[in-house]
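[1] Model the following, please.
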Amino acid sequence: GRRSGHPILSYYSLLLSYLRTLKAGDIDEPLFADPPIVLECTMSTVPEAEAKKELGNKHFAAKEFDEAIKLYSEAIAIDDKNHVYFSNRSASYGGKKDWENAAKDAKECIKINPTFLKGFYRLATAQIELDELDAALATIKSGLSIDPENSQLHKQLRIVKAKKNPTKVGASAASAAESGPGAIPSGLAGGAAGDPAANKELMDLRQQYTQTKRDYGAAQAEVNKLQREIKVSEITKSELDSLPENSDAKMYQGVGKMFMLSTREDVISDLEKTMKESKSKEGDTSKKLSYLENRLKSQEQNIRELISGSS
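    Now for the predicted structure:
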C-alpha cells in the first residue's frame, strides 16, 4: 500500500536542523611553522626589467651577490619605480655584509611603497648590524603600525631591546629554561619583571594568543559541522537514488520547524545544492584554519622569545 512518508528523509531534515544550531567551541590542534623569507617576484610593467630581476634572483639563490646586485641595478635603471628591485638589491648587499648600502636601498624601497613590510624588515636588519639601535627601533615600530602581529618585526624588536638592555637578558633566559619545554612560562622574571613596557607587551601578546585560539576553535567546529552536514546529505541522496523510479513514497522537506510535501526532483535538487554550498564553505573555512594555525605558532613564539630573550 501507499506509505505516509519516508523515515530517512524525515531523519535527514531533523538532523540538518540540529546541525545548523550547533555552536563552535575551543579546541587544541597541532601548529605549523611560518614560511621562510624569500625574494619577491612581483611582475613589473616593464618586461626587460623583470627579466633582469629574475636573473638576479637566480644569482642571489646561488649566493653570487655581486652579479645579483649588477642585475638588480640594471633593472632599476630601466624601471626605478619598482620597490621590489630595491628590496632585492638591499638583500644582496646584506648578503655581502654591506649594511650601509643595504640600508640605503631599503629606505628607497619604503619611500616607493610605504606599506611594504619587507622594506621595514630589511632596513631594521641593516640598522641593527650598524648598531643604530634607536633608528632600528623606530623602523620596527613603523612596520608594526602596518602589521601589529608581524613575527619577523617582533623578533627584531626583541633583539633591539636585548642589545639596549643586555643585563636583563640573563635572568629572563634562566627563568624560561626552568619552565621546561612545551610550556609557555607564566611571566617575566628577574630585572625584566619590573619593566612596565615588557609586561604590557607580554599581556598584549597573551590576549592576542587567547583570541586567536578562540577563533581557531570556532573555525574547527564549523568545519566539523559542515563535514557532518555533507555526510548526512550524501547518505540521504544515496538512499533516494536506491528507490525505484516509479516509487509512490511521499517525500517531505524541512522548512524551519515544518515539513512540506515535495517531489523527488525537488528533494534531490535541494540536497545537491546543500552539498555544494557546504563543500564550498568547508574549503573556505579550512583555509582560515591554516592561517590561524600559522598565527598561533607565531604568537606562541613571540611570547616565548619575549620571556626568554628580552625585557
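
[2] Next, count neighbours for E239.
    The number of residues packed near E239 is 15, by other CB atoms under 10 Å. Just so you know, the C-beta spots here come from the backbone N, C-alpha and C atoms, and that holds for glycine as well.

[3] what's the closest non-adjacent residue to D147?
    L117 (5.8 Å; CB to CB, 6 or more residues apart in numbering).

[4] which residues sit in contact with the one you found?
    L117 is in contact with G143, I146, D147, N150, Q152, L153, counting by CB atoms under 8 Å, 6 or more residues apart in numbering.

[5] so where is this structure shaky, pLDDT-wise?
    Applying pLDDT under 70 to the chain picks out residues 1-45, 166-195, 197, 308-311.

[6] where along it do the helices fall?
    Remark: helices assigned in the chain by DSSP state H are 7-19, 47-61, 65-78, 83-95, 99-112, 117-129, 133-146, 151-164, 169-179, 196-242, 264-309.

[7] my guess is F86 contacts E108, does it?
    Yes - between F86 and E108 there is a contact under CB atoms under 8 Å: 4.7 Å.

[8] of the two, who's got more company?
    Taking other CB under 10 Å, F86 and E108 do not tie; F86 has more neighbours (27 against 19).

[9] Relative to M251, how far out is that one?
    66 Å (CB to CB, to the nearest Å).

[10] Also A198?
    66 Å.

[11] what separates S286 from R264, distance-wise?
    Taking CB to CB, one finds S286 at 33 Å from R264.

[12] typo on my end, T236
    12 Å.

[13] Who has more neighbours out of these two?
    Using other CB under 10 Å, the more surrounded residue of T236 and R264 is T236, with 23 against 14.

[14] Okay, buried residues for stretch 80-95 please.
    Under the neighbour-count criterion of 16 or more other CB atoms under 10 Å, stretch 80-95 has 82-95 buried.

[15] One more: stretch 103-119?
    Within stretch 103-119, the residues that count as buried by 16+ other CB under 10 Å are 103-110, 112-113, 116-119.

[16] Pull the distance from it to the chain's centre.
    Relative to its chain's centre, stretch 103-119 lies at 23 Å (CA atoms, centre = their mean, to the nearest Å).

[17] what's the answer for stretch 245-253, then?
    With CA atoms, centre = their mean, you get 48 Å for stretch 245-253.

[18] The residue sitting nearest the centre point of the chain and K297, how far apart?
    Taking CA atoms, centre = their mean as the criterion, Y291 is the residue nearest the geometric centre of the chain, at 3.6 Å. Using CB to CB, one gets 11 Å for the distance from Y291 to K297.

[19] again with L205
    From L205 to K297 the distance is 13 Å (CB to CB).

[20] Neighbour count: those two, which is higher?
    Taking other CB under 10 Å, L205 and K297 do not tie; L205 has more neighbours (21 against 17).
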